[in-house]
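S.K.: Here is my input; please provide its structure:
(one chain, ligands or ions: 1)
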Amino acid sequence: MGAIFSGVLENRDGILHIDGVSTIRLAEEFDVPLYVLSENRIRENFRRLRESLLKYYGKIRIYYSAKANTNIAVLKILADEGAYLDAVSPGEVFLALKSGFQPEKILFTGTSVRDDELKFLINSGVTINIDSLSQLKRLLNFYIPKILSVRVNPEIGAGHHEHVITAGRNSKFGIWETDVVEAYNMALEAGVEKFGIHMHIGSGILEIEPFLLAAEKLLKIAQNVHEKLGLTFEFIDFGGGLGVPYRPEDKPLDLNSFAEKMLNLFKCRIEEYHLGKPYFCLEPGRFIVCDAGILLTRVNTLKVTPFKKFIGVDAGFNTLIRPAMYGSHHPIVVANRLHEQEEDVYDVVGPLCESGDILARDRKLPKVFEGDLLAILNAGAYGFSMSSQYNSRPRCAEVLVNKGKYALIREREKIEDLLRGQLIPEWLK
Ligand SMILES: Cc1ncc(COP(=O)(O)O)c(C=O)c1O
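M.R.: Coordinates of the predicted model:
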C-alpha cells in the first residue's frame, strides 16, 4: 500500500481505517457503494500547496476546481481554508455560493456558454473568464464588468489521457493567440477596468516541464497584450492539472520544485515584461481531493472461467467512471484483509450491463471471498462528481471523516428518486 497511501489510511489489525474510522463500520452503517472523504487530508493538501507557493511569492491564489468534487461539505472546508474557487457551470457557482464562497472569490471558466448563463453569472457577481470572442461580445452586450479574464490557448497541452488535454490545436478551449489582443481591446473599449489572463492545459500532469513551457507562452502573450494595449493584469492564472500518482510506478509531482520553477519563471518574466505585481494563481482540483477519498464496494459474486477470475462488486462505472472512460488505474485493497498476501489475479467488475464496466483488470489481490469489502483508493476526485444513474441505479452516499468522527454528507438516493422529474403524457395515461 506504501506510497499510494496518504497518511490518513491505516492498517489496524488487517482492517482499513480512514482518518481513525473503520471502513467495515462505515460500510455497515451507511451501506455500499460509499464514498468516504477525509477532511484532514483535504486541508493538508490545500495547505502544503499554499505553503510551497508562498515560499517563493507573496501574492498567490489557489482556486479549488470544484468539478473534481462538488460536495458542499468539501466546498465548505476549502472556503474555510481561504481557497478561491474555479467554477465551470452555473450549478457550481450556485453550490459555491451556498457553501460560503464570496462571489469575488469565484472565477467562472465556461465553454459554450449560453446567454441565460451569462446573465446568471452577471447577477451572481462572479468574475468571468472568457473562452471565445462570441462569449465576450454577448457578455458586453448585457453588461460591462469591472474585471474580466481571458482564457488563452497556449498551444501546449498535457494530461493523463487525450480527453483531458485542454490546450493545443485540437482543443475547443480558450482563445487562440491571434485573437487575444482583439479580445482585450474589445473589453477595454467597452469600459472594463481590470484584467486577468488564464490558461489550463490539462489534467493529471506529473511532470513540471509542460507547465513551464505553457507558462512561458502565456507570459509572452501577456507581454504582447501589455505592449499593444498598455494594460496590466490583476492576476495570471496557470490553471490546474497538478497530477497525483495512481499507479505504483508513478512518481509524485515534486511540489517544491514545481513551485520554485514556476514562480522563478513568473517573477523573472513579470519584471522583464513590466507586468506589475499580479497574483499568481493555480486551479487544482485533483491535487486537493484525490487521495482524500476512497470508494467502498462489496464483493457479491466470484466467477471463475477458464480464462479469468472475476470479482463482481456493487460499484460500476455509474459510480466511478474513470477506469472505463480513461482506462485509469486506481489502487484497490481488500479492506478486511490488509494483512493477507496478494496471491490471485482478478478482474474487478461492476453490476452494469456493459462489457466496459470494469474497475480493474488483472489485479493482484489476496484471495477474495464473497462478502469482502474492497476499497478503491484515490477516488476523491472525479468520482462522485462524474457518477450517474445509468442502468437506473440510484447514486451512492458520501461520508466525511475527521479524526475518528464521521458524518453523512450526501444521502444515498432511493429507488423512488429514479422517478423524480419524470412525467407520463396525458395520452399515455
Ligand atoms: C479550467 C479548469 N481549471 C482547472 C481544472 C482542474 O484540473 P485538475 O483537477 O486536473 O487540477 C480543470 C479540469 O478540467 C479545468 O477545466
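
S.K.: C-alpha from now on. contacts and neighbour counts both.
M.R.: Noted.

S.K.: what does the stretch 251-400 of the chain put close to the ligand?
M.R.: Within the stretch 251-400 of the chain, the positions adjacent to the ligand are 283-287 by CA under 6 Å from any ligand atom.

S.K.: ok, which residues in the stretch 101-250 of the chain are in contact with the ligand?
M.R.: So far as CA under 6 Å from any ligand atom goes, the stretch 101-250 of the chain lies against the ligand at 109, 200, 203-204, 239-242.

S.K.: from these, which two are the most distant?
M.R.: Largest separation among those by CA to CA: Thr109 and Gly204, giving 18.7 Å.

S.K.: Can I get the top strand by length along the chain in PDB? Just the C-alpha atoms.
M.R.: If you go by DSSP state E, the chain has its longest strand at strand 293-304. The C-alpha trace of strand 293-304 is given here as PDB (Å, rounded to 0.1, in the frame of the first residue of the first chain):
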ATOM      1  CA  GLY A 293     -11.200   9.900  -0.900                       C
ATOM      2  CA  ILE A 294     -11.900   6.200  -1.200                       C
ATOM      3  CA  LEU A 295     -14.800   4.200  -2.600                       C
ATOM      4  CA  LEU A 296     -16.000   1.200  -0.600                       C
ATOM      5  CA  THR A 297     -17.800  -1.600  -2.500                       C
ATOM      6  CA  ARG A 298     -18.700  -5.100  -1.500                       C
ATOM      7  CA  VAL A 299     -18.000  -8.300  -3.400                       C
ATOM      8  CA  ASN A 300     -21.200 -10.100  -4.200                       C
ATOM      9  CA  THR A 301     -20.100 -12.600  -6.900                       C
ATOM     10  CA  LEU A 302     -17.000 -14.600  -7.600                       C
ATOM     11  CA  LYS A 303     -17.000 -16.100 -11.100                       C
ATOM     12  CA  VAL A 304     -14.200 -18.300 -12.400                       C
END
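
S.K.: ok, residues contacting that strand?
M.R.: For strand 293-304, the external contacting residues (CA atoms under 8 Å, 6 or more residues apart in numbering) are 23, 27, 32-38, 309-315, 369-381.

S.K.: swap in stretch 397-416?
M.R.: Counting by CA under 8 Å, 6+ apart, 18-21, 30, 32-40, 71, 73, 393-396 sit against stretch 397-416.

S.K.: what do you get for stretch 69-76?
M.R.: 39, 42, 66, 92, 95-96, 98-100, 285, 289, 380-385, 409-410.

S.K.: are any of those residues buried, and which?
M.R.: Neighbour counting by 16 or more other CA atoms under 10 Å classes 39, 42, 66, 92, 95-96, 99, 285, 289, 380-385, 409-410 among these as buried.

S.K.: Which of the residues you listed fall within strands?
M.R.: Those of the buried ones among the contacts of stretch 69-76 lying in strands (DSSP E): 409-410.

S.K.: Among the buried ones among the contacts of stretch 69-76, which lie within helices?
M.R.: 39, 42, 92, 95-96, 289 (DSSP state H).

S.K.: now the helix or strand encompassing Leu26 against strand 293-304, angle please.
M.R.: Following DSSP states H and E, one finds Leu26 within helix 23-30. On the basis of axes from the mean of the first three to the mean of the last three CA atoms, to 10 degrees, helix 23-30 is oriented at 90 degrees to strand 293-304.

S.K.: quick one: buried residues of helix 23-30?
M.R.: Judged by neighbour count using 16+ other CA under 10 Å, the buried positions of helix 23-30 are 23-24, 26-27, 30.

S.K.: Let's have these in CSV, adding distance to the ligand.
M.R.: Shown next, in CSV, are the buried residues of helix 23-30 (distance: CA to the nearest ligand atom, whole Å):
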residue, distance to the ligand
Thr23, 26
Ile24, 29
Leu26, 27
Ala27, 27
Phe30, 28
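
S.K.: Show the residue spans covered by the strands in the stretch 151-300 of the chain.
M.R.: 194-198, 235-237, 279-282, 293-304 (DSSP state E, counting those that start in this stretch).

S.K.: Run through who's touching the helix holding Leu26.
M.R.: Contacts for helix 23-30 (CA under 8 Å, 6+ apart): 15-17, 34, 296, 335-336, 373, 397.

S.K.: what's whichever residue of the stretch 301-429 of the chain sits closest to the ligand in contact with, if anything?
M.R.: With CA to the nearest ligand atom as the measure, Ala381 is the residue of the stretch 301-429 of the chain nearest to the ligand, at 7.2 Å. Counting by CA under 8 Å, 6+ apart, Ala381 touches 68-69, 285-286, 289-291, 293.

S.K.: and the residues of the stretch 101-250 of the chain next to the ligand as a markdown table, adding pLDDT?
M.R.: Output for these, formatted as a markdown table (pLDDT from 0 to 100):
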| residue | pLDDT |
| --- | --- |
| Thr109 | 97 |
| His200 | 96 |
| Ser203 | 92 |
| Gly204 | 94 |
| Gly239 | 98 |
| Gly240 | 97 |
| Gly241 | 97 |
| Leu242 | 98 |
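
S.K.: Dump these into a markdown table; add neighbour count as well.
M.R.: What follows is these, written out as a markdown table (neighbours: other CA atoms under 10 Å):
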| residue | neighbour count |
| --- | --- |
| Thr109 | 23 |
| His200 | 28 |
| Ser203 | 26 |
| Gly204 | 23 |
| Gly239 | 24 |
| Gly240 | 26 |
| Gly241 | 27 |
| Leu242 | 25 |
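
S.K.: Just the closest of the residues you listed to Leu85, please.
M.R.: Of these, the one sitting nearest to Leu85 (CA to CA) turns out to be Thr109, at 10.4 Å.
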